[in-house]
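Visitor: fold the stuff below for me.
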Amino acid sequence: MCFVNRGYEVLKQAADLGHQKSMEMVAEAYLFGDHVQQNITKSREILETLSMMGSSKGQMVLYLCSLSWLCIVYGI
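Guide: As a prediction, this is how the structure comes out:
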């Protein structure tokens, strides 16, 4: 478990520096609560940034979330 936590710390650092693939992975982790505390708001912020960067994955996930219950419950 220690290695997983350390891995997500490093991944988050890369995402904070603007690495697109890392940002996609961190946004997904926050969205589903994979190995981190679920944080829909943080996920949305990252996904919106990714969309503005031209990330097709960021755009797709935001679109899919808007079609799902997440938009109703969390206002995405």
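
Visitor: quick one: contacts for the residue lying closest to Ala29 once chain neighbours are set aside?
Guide: Leaving aside its sequence neighbours, Ala29 sits nearest to Val36 (Cβ to Cβ, 6 or more residues apart in numbering; 5.1 Å). Using the backbone N, CA and C atoms, a C-beta is placed for each residue, glycine as well. Counting by Cβ atoms under 8 Å, 6 or more residues apart in numbering, Val36 makes contact with 8, 29-30.

Visitor: now the residues you listed as TSV including neighbour count?
Guide: Shown next, in TSV, are the contacts of Val36 (neighbours: other Cβ atoms under 10 Å):
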residue	neighbour count
Tyr8	17
Ala29	22
Tyr30	22
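
Visitor: quick one: least confident of those residues?
Guide: Note: of the contacts of Val36, the lowest pLDDT belongs to Tyr8, at 86.

Visitor: let me know the secondary structure of the nearest residue to it once chain neighbours are set aside.
Guide: With Cβ to Cβ, 6+ apart as the criterion, Tyr8 has its nearest non-adjacent residue at 5.3 Å, and that residue is His35. What DSSP: H, G, I helix; E, B strand; the rest coil gives for His35 is coil.

Visitor: pull the contacting residues for His35.
Guide: His35 sits in contact with 4-5, 8, 29, where contact means Cβ under 8 Å, 6+ apart.

Visitor: please report how far it lies from Gln59.
Guide: 24 Å (Cβ to Cβ, to the nearest Å).

Visitor: got it, and Glu45?
Guide: Going from Glu45 to Gln59 by Cβ to Cβ gives 15 Å.

Visitor: surely Lys42 touches Glu28?
Guide: No: applying Cβ atoms under 8 Å as the test, Lys42 and Glu28 come out as separate, 11.6 Å apart.

Visitor: neighbour-wise, which of Glu45 and Gln59 wins?
Guide: Gln59 (16 against 13; other Cβ atoms under 10 Å).
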